[in-house]
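Engineer: Need the 3D shape of this:
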Amino acid sequence: MAAALTEKFDNINLLRAFAALSVVAYHVIEYAHWTRFPGDGPLAVFRIGWIGVDLFFAISGFVIVYSALLLYRKAPAAFQRTYWMRRIARIVPLYLLTMALWVAAFETPGFFQMGVSWCSAQIAAHVFFVHNWFAATHGAIDGVNWTLGVEMQFYLLVAILIRWIDRTPGWRIWLWCTLIACSWRGCMFLLHSGDVSRLFIGTSQPPGTLDEFGAGIFLAKWVLDGRVKIPAPRVTWPIAAVSTGWIAMTIFWARADYWIFPAMVLFWHSAFAVFLLCLLAASITLPQVIAFKWLRPLDHLGEVSYGIYLWHLFAIECVILAWGYRGIESLVYVMGLTLIASGLSWRYFEKPIMALARRRPARA
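Structural biologist: Sure, this is the predicted structure:
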């Protein structure tokens, strides 16, 4: 399973595409009150489209740590500057743009009528990516933005701990991540078990999601270090993904009232992280031609998935809440508007900024 240090894992984009589209479908079902959408069979996965967020976290664990270790091992002295230049260029511009447009389009004038202190607290919390920690700011502007707070805090942890990550075995990192995540979720359950909203906010903080990030970190270390060879055909990982996914989801569906079960809150996401690890491993060990040639349209959707994620609630506000579409029409129109917005923002906004950040030399 050892990989060349310059290897590009195109199939990861297929997972990004699925994660983004599943979140969009889930929100359409919820906002449109689409009660007739299938509740069983393969399509039922879109009723729990929030698992797309978990998949994004595992992907970030792999991609961010993989690229960060490459940068660090190539030029340790220049690491912090290059790392943050690329992370900020990728995340911050579109985040700030969509946040400003959301306030202008959907919150004005109510947003500014709440008082200077309230407005200042909202803006400061979002600008500094700590809005995911507080009930008053969690999801207050372009609701999905809370996950970007989690992501940026993970990026900060990687920047701070890069030396430790570099020298520590991947299995040990994942073990620590899992222990911390389970312990944190246990504390949150004790504090907020009577309030599902606060329990969700508490358990979705970075300490509570570390097992999923840790699965990606483990895989990144495994691939980069190349110390473990797997004497098995490539089909092993897809089979493992199907098996672990079936087990995790069987457990979930048997206890779909997730928040009332302490064991589910504490441990289920750790079991799901095993499935995410197998899914990521399958994507990088299968032929990469699957993405860049055979499934090229989905590969492109994975490329613009960040825009899909940030723009889709704009489309939902228009199509479902303003224009009143329901059912399959709402899904078609939301998907169409979202893909147009994300495609344009990728080509004319995100991609040029990222290219500029990569062209600028990093100085030690």
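
Engineer: quick one: secondary structure of the most centrally placed residue in the chain?
Structural biologist: Central residue of the chain (CA atoms, centre = their mean): residue 56, 2.7 Å from the mean position. When classified by DSSP: H, G, I helix; E, B strand; the rest coil, residue 56 comes out as helix.

Engineer: Apart from its neighbours in sequence, what residue is nearest it?
Structural biologist: residue 19 (5.1 Å; CB to CB, 6 or more residues apart in numbering). Bear in mind the C-beta positions are built from the backbone N, C-alpha and C, glycine included.

Engineer: so where is the chain shaky, pLDDT-wise?
Structural biologist: Applying pLDDT under 70 to the predicted model, the residue ranges of the chain that meet it are 1-7, 227-233, 360-364.

Engineer: number of nearby residues for the residue nearest to residue 56?
Structural biologist: When neighbours are defined as other CB atoms under 10 Å, residue 19 has 24 of them.

Engineer: Then residue 167?
Structural biologist: Applying other CB under 10 Å, we find 7 residues neighbouring residue 167.

Engineer: again with residue 226
Structural biologist: Using other CB under 10 Å as the criterion, residue 226 is surrounded by 13 other residues.

Engineer: In CSV, could you pull the C-alpha coordinates for the host helix or strand of residue 172?
Structural biologist: Element membership of residue 172 [criterion: DSSP states H and E] is helix 170-192. Listed next in CSV are the C-alpha coordinates belonging to helix 170-192 (Å, rounded to 0.1, in the frame of the first residue of the first chain):
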residue,chain,number,x,y,z
GLY,A,170,-0.5,6.3,12.9
TRP,A,171,-2.2,3.6,15.0
ARG,A,172,-1.2,5.4,18.2
ILE,A,173,-2.5,8.7,16.9
TRP,A,174,-5.8,7.1,16.0
LEU,A,175,-6.0,5.4,19.4
TRP,A,176,-5.5,8.7,21.2
CYS,A,177,-8.0,10.4,18.9
THR,A,178,-10.6,7.7,19.6
LEU,A,179,-10.1,7.8,23.4
ILE,A,180,-10.4,11.6,23.5
ALA,A,181,-13.5,11.6,21.2
CYS,A,182,-15.3,8.9,23.3
SER,A,183,-14.4,10.6,26.6
TRP,A,184,-15.5,14.0,25.3
ARG,A,185,-18.9,12.7,24.0
GLY,A,186,-19.4,11.0,27.3
CYS,A,187,-18.9,14.3,29.2
MET,A,188,-21.3,16.0,26.8
PHE,A,189,-23.9,13.3,27.4
LEU,A,190,-23.7,13.8,31.1
LEU,A,191,-24.0,17.6,30.8
HIS,A,192,-26.7,17.8,28.1
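
Engineer: helices or strands up against it?
Structural biologist: Helices and strands in packing contact with helix 170-192 are listed as helix 196-203, helix 206-225, helix 269-285; criterion 3 or more CB pairs under 8 Å, 6 or more residues apart in numbering; DSSP states H and E.

Engineer: Residue 162 is nearest to which of those helices?
Structural biologist: Go through the helices and strands packed on helix 170-192 one by one with CB to CB and the one that ends up closest to residue 162 is helix 206-225, at 11.4 Å.

Engineer: is it possible to export the helices and strands packed on helix 170-192 to CSV including distance to residue 246?
Structural biologist: Below are those laid out as CSV (distance: least, CB to CB, whole Å):
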stretch, distance to residue 246
helix 196-203, 24
helix 206-225, 17
helix 269-285, 9
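
Engineer: which of those helices sits most buried?
Structural biologist: Mean neighbour count, computed with mean count of other CB atoms under 10 Å, is highest for helix 206-225 among the helices and strands packed on helix 170-192, reaching a mean of 25.

Engineer: now the angle from that one to helix 269-285?
Structural biologist: Direction vectors for helix 206-225 and helix 269-285, defined by axes from the mean of the first three to the mean of the last three CA atoms, to 10 degrees, enclose an angle of 30 degrees.

Engineer: Report the angle between helix 206-225 and helix 196-203.
Structural biologist: Helix 206-225 runs at 40 degrees relative to helix 196-203, counting by the same axes, to 10 degrees.

Engineer: and helix 206-225, how far from the chain's centre?
Structural biologist: The gap between where helix 206-225 is centred and where its chain is centred comes out at 13 Å by CA atoms, centre = their mean, to the nearest Å.
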